[in-house]
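1. Quick one, what's the 3D model for this:
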Amino acid sequence: QVRLVESGGGLVQPGGSLRLSCAASGSTLDARFIGWFHQAPGKEHEGVSCISLSDGTTYYRDPVKGRFSISRDNAKNSVYLQMNNLKPEDTGIYYCSTEVTCGRTWFAEFVKAWGQGTQVTVSS
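-> Next comes the predicted model:
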């Protein structure tokens with residue numbers, strides 16, 4: 001199973017932007033889908049976005065629609081999450097995983113283990 005490494009988090013003011021990266025470490029990203037998850041403090045992981053690596057179909061959870069954008073770079077074995085107009089409720093740890101599947105209006109996950117994630121803090 002490919003190991004994914006998340007990066008790009010940080011501290012940003014409300015309204016700011018961050019670009020998260022999810023890179024395959026040590027092997028080719030051999031998966032059909034990549035999903036991004038958000039774990040707010042004290043809460044469970046929640047899927048926020050997903051992309052098909054074959055045809056680019058994307059999914060966004062309602063609270064992030066119009067603010068987040070997921071993209072892929074197959075040549076770099078990477079998937080990105082551009083996060084704009086960040087809000088305090090976006091604070092938390094963000095994880096990526098291949099153990100997902102999605103369409104434009106639905107998302108399903110079957111994640112067995114999480115990576116280290118990347119911390120996003122939105123605060124003034």
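2. list the contacts for the most centrally placed residue in the chain?
-> Taking C-alpha atoms, centre = their mean as the criterion, W36 is the residue nearest the geometric centre of the chain, at 2.4 Å. For W36, the contacting residues are 20, 22, 47-50, 70, 79, 81, 94-96, by C-beta atoms under 8 Å, 6 or more residues apart in numbering. Every residue, glycine included, has its C-beta placed from N, CA and C.
3. go on, G8?
-> For G8, the contacting residues are 18-21, 118, by C-beta under 8 Å, 6+ apart.
4. what pLDDT does it get?
-> Note on G8: pLDDT of 98.
5. Now do the nearest residue to it once chain neighbours are set aside: how many residues are near it, please.
-> Using C-beta to C-beta, 6 or more residues apart in numbering and skipping residues adjacent in sequence, the residue nearest G8 is L20, 4.1 Å away. The tally of other residues near L20 (other C-beta atoms under 10 Å) stands at 23.
6. and what of G103?
-> Neighbours of G103 under the rule other C-beta under 10 Å: 13.
7. same thing with L11?
-> Using other C-beta under 10 Å, the number of residues around L11 comes to 12.
8. Could I get the full set of strands for this protein?
-> Along the chain, the stretches classed as strands by DSSP state E are 3-7, 10-12, 18-25, 33-39, 45-52, 58-60, 68-73, 78-83, 92-97, 100-102, 107-109, 118-122.
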